[in-house]
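Student: The sequence and its predicted three-dimensional model are supplied below.
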Amino acid sequence: MARLLRPLTRWTTYTRFIHLWVPLLVSSVWIFIHPATPWGPALVLPLLGLVPAVRRGEGVQARFMLMRDGQDPAISVVPSATWRDRLRTVLWLQARMVLGWAAVGFSVWLPLITVDLIRISTGYVPDDNPFLPVPHAHWAYALLAPLPLIALYGVVIGLGKLITVLARHLLGPSTAERVAALEERTEQLLERNRIARELHDSIGHALTVAVVQAGAARAAGDPGFTDRALLAIEDTGRAALEDLERVLGVLRESRGPASGRPALVEADRLLESARASGAKIDAELTGPLETVPGPVSREGYRILQECLTNVLRHAGAVPVRVHIAVEDRTLSLEVRNALTAGIPGPGPGGGMRGSGLRGIRERAALLGGRARTGPDDGDWQVRVELPLR
């Protein structure tokens, strides 16, 4: 019983019924002006449905009056873009008009029948009610009085659900809108993956430097070296916090400015951080780094950061050769370090164990470039080429 009465506690039950009554207002005005042609609205509605903006208005009404949260994506709130959308809007307006008149009729006639049944049970026999012809009065008619109200309850719930189903079908997104929604969803997933890579590269690099520096300071037992190690940990942590703020800024704003992310012109900061961790880095930078396009420069910075992180994590304080060259159409980035017995062997896919090198290859592929990772002439090599155009 409680389940049957539950719709009475839902706000949408009443807003849906009000939504059904709205067409009556238009029809009532028309009938008042032209009582001889009550069927006039049925001819005018198709013309209104062909107006693109009408679809948006109907969609907004349907969302807020038929749906529980008012944000159901199953109903479109954009103007008609094709003739198919216009025809669907026309069908919707016609269906809304028919169901609206049905709702009005039942909500008036059924309560009147209940009133007449009660009057008949008290001895009054109406002679002008074509919907309830009775031969004579009898108290038993009072037992039938609740039935029209129960029927009205079913009509209210049933018509409300029917108009909602029709709204989803006739006002639902078109094929073009669904494709656009899928593209937007894909962009969001790509953005999330990019943010995940940003966090992995930045925080992973900072933690690797901190671990290496702390271990070296403990093993050295030299107060001077310990002070330098703590300073390097502090600088690296501060840089990681700045990167974290940039990433969180992207999360706070749907379209955060990409220009705030570090670029290759700040490569010296990475190199000094790795040198402070004990790595012997021989760096060669050729060409104008400041002319590299923003997306390429930012991804190049992250690739270099991941390369140095891998060296510190897997090889420790070993000699590292870094070569960055900006040519006419290509940015070349190469990081090499000696393979020693203490370095873990290549993992699946030819790279070190972990997801860092896979992220390097993904970054290069997204920019139309290529990345090679693996042993080469006794060294571990990461070579990336990114197109500048």
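Tutor: Great, that's in hand. These numbers come from a predicted model, not from an experiment.
Student: How is this protein divided into domains?
Tutor: 2-173, 179-387 (automatic domain parsing).
Student: what does the average pLDDT come to for the last one?
Tutor: So that's domain 179-387. Taken as a whole, domain 179-387 has a mean pLDDT of 76.
Student: Now do the helices in this structure.
Tutor: Counting by DSSP state H, one finds helices in the chain at the ranges 2-5, 11-33, 40-49, 52-66, 83-121, 141-144, 146-170, 175-220, 223-252, 267-276, 294-310, 356-366.
Student: where exactly do the strands run in the stretch 251-389 of the chain?
Tutor: Assigned by DSSP state E, counting those that start in this stretch, the stretch 251-389 of the chain shows strands spanning 280-286, 319-326, 330-338, 370-376, 379-387.
Student: Could you count how many residues lie near Ala283?
Tutor: 17 (other Cβ atoms under 10 Å). Placement of C-beta: from N, CA and C, glycine included.
Student: and if you look at the one 3 residues further on?
Tutor: In terms of burial, Thr286 registers 11 neighbours under the definition other Cβ under 10 Å.
Student: next one: Leu271
Tutor: 18.
Student: contacting residues around it?
Tutor: Ile281, Ala283, Leu308, Val322 (Cβ atoms under 8 Å, 6 or more residues apart in numbering).
Student: Would you tell me which of the helices of the chain gets closest to Val382?
Tutor: helix 294-310 (4.9 Å; Cβ to Cβ).
Student: can you give me the angle the closest one makes with strand 319-326?
Tutor: 170 degrees (axes from the mean of the first three to the mean of the last three Cα atoms, to 10 degrees).
Student: helices or strands up against helix 294-310?
Tutor: Secondary-structure packing of helix 294-310 (3 or more Cβ pairs under 8 Å, 6 or more residues apart in numbering; DSSP states H and E): helix 175-220, helix 267-276, strand 319-326, strand 330-338, helix 356-366, strand 379-387.
Student: 6 Å instead, please
Tutor: If contacts are counted by 3 or more Cβ pairs under 6 Å, 6 or more residues apart in numbering; DSSP states H and E, helix 294-310 sits against helix 175-220, helix 267-276, strand 330-338, helix 356-366, strand 379-387.
Student: With distance to Arg88 as added columns, please give the ones you listed in TSV.
Tutor: Formatted as TSV, the helices and strands packed on helix 294-310 follow (distance: least, Cβ to Cβ, whole Å):
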stretch	distance to Arg88
helix 175-220	12
helix 267-276	56
strand 330-338	50
helix 356-366	38
strand 379-387	45
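Student: nearest to Leu231, of these?
Tutor: Comparing those by Cβ to Cβ, helix 267-276 comes nearest, at 7.6 Å.
Student: Run a quick neighbour tally on Tyr124.
Tutor: 10.
Student: how about it, phi and psi?
Tutor: Per-residue torsions, Tyr124: phi -100, psi 130 (degrees, to the nearest 10).
Student: How much space separates it from Ala140?
Tutor: 15 Å (Cβ to Cβ, to the nearest Å).
Student: same question, Arg86
Tutor: From Arg86 to Ala140 the distance is 55 Å (Cβ to Cβ).
Student: can I assume Val326 is in contact with Gly287?
Tutor: Yes: at 2.8 Å, Val326 counts as touching Gly287 under the criterion of Cβ atoms under 6 Å.
Student: Between these two, tell me which one has more neighbours.
Tutor: Applying other Cβ under 10 Å to Val326 and Gly287 shows that Val326 carries more neighbours, namely 21 against 15.
Student: residue contacts, the more buried one?
Tutor: For Val326, the contacting residues are Gly287, Pro288, Val292, by Cβ atoms under 6 Å, 6 or more residues apart in numbering.
Student: go again using 7 Å as the cut-off
Tutor: Thr286, Gly287, Pro288, Leu289, Thr291, Val292 (Cβ atoms under 7 Å, 6 or more residues apart in numbering).
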